[in-house]
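Trainee: Kindly return the folded structure for what I paste below:
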Amino acid sequence: MARLVLWDIDHTLMAMRGLGGELWAVAFEEVTGVPLREQASATGSTERVILRETAKLHDVPFSDDLFTRFADALGAVHLQRAAEVRERGHALPGAASILAALDARGVRQSVVTGNVRAAAEVKLATFGLDAYLRLDEGAYGEDAEKRPELLRAALIRADIPATDAVFLGDTPADVTGAHDAGVRVVAIATGKTSRAELQAAGAEVVLDDLADTERVLDVLGA
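Mentor: Okay, here's the model as predicted:
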């Protein structure tokens, strides 16, 4: 059984039904003064990379300071519109149940996500998922640009070797990032990537969703 279970957030534990893009656009215009015309691809990426590539599309110079201000703005707009997050978003079927089941078994859990931490915390708290997660042992969009580095950061914070952890995510970047970090991966086909694409990316196990708690526990060895 894994000593540490790490979760991706978007399309793995929850979905925002388009609201995430709207909040992103608000934060982008706030810190750049430029209305968002086009956002760089967000699938499997981190906020730093998405901001840098989106800024380039708008001829806006990217800097660490811009990212810091953007991260603050994005966290703030999520907090300000938390009621709308609750109304329009939702935890995916089975997410709360599997988090609770693992917690009851004494399994440590955290998140590895491209979200900035403040936004991640609002989303998780909105649907009561944060109660089962050691968020200080997670890794966020401020910590690195790519999944392997994020996973390594979480492992260091949790003081757990890669061989004792498992990561659950919904994109090919999650799969390859876990492999690069030496972490076992379970792919969940609840996002924009099909089961076949996740298998082609190298996922040893692909679940259609988290709805069957006993099945997920079995896959995790818990």
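Trainee: Okay, V77 and R69: tell me how far apart.
Mentor: 13 Å (CB to CB, to the nearest Å). C-beta here means a position set from N, CA and C on the backbone, and glycine is covered the same way.
Trainee: neighbour count winner among those two?
Mentor: V77 (20 against 15; other CB atoms under 10 Å).
Trainee: Which other helices and strands does the host helix or strand of that one contact?
Mentor: With elements taken from DSSP states H and E, the one containing V77 is helix 64-80. Helices and strands touching helix 64-80, by 3 or more CB pairs under 8 Å, 6 or more residues apart in numbering; DSSP states H and E, are helix 19-32, helix 47-57, helix 117-126.
Trainee: can those helices go into JSON lines with extra columns for mean neighbour count?
Mentor: Shown next, in JSON lines, are the helices and strands packed on helix 64-80 (neighbours: other CB atoms under 10 Å):
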{"stretch": "helix 19-32", "mean neighbour count": "18"}
{"stretch": "helix 47-57", "mean neighbour count": "19"}
{"stretch": "helix 117-126", "mean neighbour count": "22"}
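Trainee: my guess is E142 meets R117, correct?
Mentor: Yes: between E142 and R117 a contact is recorded at 6.3 Å, counting by CB atoms under 8 Å.
Trainee: Can you name the residues in contact with stretch 123-140?
Mentor: Residues outside stretch 123-140 that contact it (CB atoms under 8 Å, 6 or more residues apart in numbering) are 4, 6-7, 9, 13-14, 16, 78, 82, 85-86, 89-91, 95-96, 99-100, 102-103, 108-117, 120-121, 150-151, 153-154, 157-158.
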